[in-house]
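Undergrad: Have a look at this prediction, sequence included:
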Amino acid sequence: MIAGVTVDARDLSGPEQEYEVDTQHNSGTSSITHPEESPGPDPKSSPTDRPELGGALEALSGEVLKRRSLEVSSTSFITIISIILGVALALLAQNTFPSPSPLVGLRSACMLALFVCTFYYFLSISILLRWAPSIVDCSMPFVIASLEIPPAYFLNDVKSWNAWLAVLWLFVAIGVGTTIKWSPASHFGGDTQAQRLVHKLIRELTVVITGGALSVGTFGLLALFVRGGDIWWGLGGCGSALATIGMIIARMEIRLSQIHAHYGVNRPPFN
């Protein structure tokens, strides 16, 4: 007497299938069980249908390129500026405390104010203006911000500190002035009034920074050729530097307030 019969049917061209047939001789009933089948490979698929190695998460298009430029360029710019200024600040502290004379302390305060002003300017401009970065844009943070590191080594040298600060501000004036070329009306949606406000700010800053460079450079020349007055030339250089930084911040606060008001944003000066 046969209690059960098991039939194993295999199709070589497709997935395996198992059929189990139980026949209950006594009751005359039978049951067929189909175990859970796992899908096999599609014979019509080809290797080219598989995801490519390193496949794109988002295909590049005009809109995607614009969005990525807006997201990445300004953030990277400010990050590099922050890193360089952080290095400059560490070197400034390192060279200030070993010989904390009143004149050295005053020069350190000037440099600290300059670091804050530099970050303030680049942060504000990156909000107002955006464009696709080039090698020139990538070089600017290293060329401009890196020039703020050497004055930390000249805190005890009146001639060198004044001269280096003058060179730094001449480069800054050139960099700021060229921003006019890279800020056409398209940055403001064709709003020429907003463009004039920004260009007026840039021109004012260029004049102020150039004047500060000439003033500090003059005190450096006096320290070089006139003996016995280093303390006065040092104080004069610090006074010129602080006055220049103060004028830069004042002009930016006033103009930025006007630009924000033009777009309906409440941003009072020195808020």
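TA: Sure thing, it's come through. Numbers count the residues shown, from 1 in each chain.
Undergrad: only C-alpha atoms for contact and neighbour calcs from this point on.
TA: Fine.
Undergrad: If you count neighbours, what's buried in the helix or strand encompassing I245?
TA: Using DSSP states H and E, I245 sits within helix 230-262. The neighbour-count check on helix 230-262 (16 or more other C-alpha atoms under 10 Å) flags 230, 233-242, 244-245, 247-249, 251-253, 255-259 as buried.
Undergrad: now stretch 156-163
TA: For stretch 156-163, burial by neighbour count (16+ other C-alpha under 10 Å) applies to N156, V158, K159, S160, W161, N162, A163.
Undergrad: I'd like to know the average pLDDT value across it.
TA: Mean pLDDT, stretch 156-163: 94.
Undergrad: Could you list the low-pLDDT ranges of the stretch 51-200 of the chain?
TA: 51 (pLDDT under 70).
Undergrad: how about 50 then?
TA: For the stretch 51-200 of the chain, no stretch has pLDDT under 50.
Undergrad: And the helices in it?
TA: Assigned by DSSP state H, counting those that start in this stretch, the stretch 51-200 of the chain shows helices spanning 62-96, 102-128, 135-140, 146, 158-177, 192-225.
Undergrad: Please identify the deepest-packed of those.
TA: helix 158-177 (a mean of 21; mean count of other C-alpha atoms under 10 Å).
Undergrad: so how far is that one off the chain centroid?
TA: 24 Å (C-alpha atoms, centre = their mean, to the nearest Å).
Undergrad: same question, stretch 264-271
TA: 24 Å.
Undergrad: end-to-end on stretch 121-140?
TA: Using C-alpha to C-alpha, to the nearest Å, the end-to-end distance of stretch 121-140 comes out at 13 Å.
Undergrad: scratch that, stretch 184-191
TA: 10 Å.
Undergrad: mind listing what's buried in that stretch?
TA: So for stretch 184-191, counting by 16+ other C-alpha under 10 Å, buried means H187.
Undergrad: one step back: which of the helices of the stretch 51-200 of the chain sits closest to P184?
TA: Closest approach to P184 among the helices of the stretch 51-200 of the chain (C-alpha to C-alpha): helix 192-225, 7.4 Å.
Undergrad: Adding distance to R50 as columns, could you present the helices of the stretch 51-200 of the chain in JSON lines?
TA: Formatted as JSON lines, the helices of the stretch 51-200 of the chain follow (distance: least, C-alpha to C-alpha, whole Å):
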{"stretch": "helix 62-96", "distance to R50": "25"}
{"stretch": "helix 102-128", "distance to R50": "43"}
{"stretch": "helix 135-140", "distance to R50": "38"}
{"stretch": "helix 146", "distance to R50": "49"}
{"stretch": "helix 158-177", "distance to R50": "51"}
{"stretch": "helix 192-225", "distance to R50": "51"}
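Undergrad: With respect to I149, which of the buried residues of stretch 156-163 is nearest?
TA: W161 (11.2 Å).
Undergrad: correct me, but the closest one touches L155?
TA: Yes. Applying C-alpha atoms under 8 Å, one finds W161 in contact with L155, separated by 6.4 Å.
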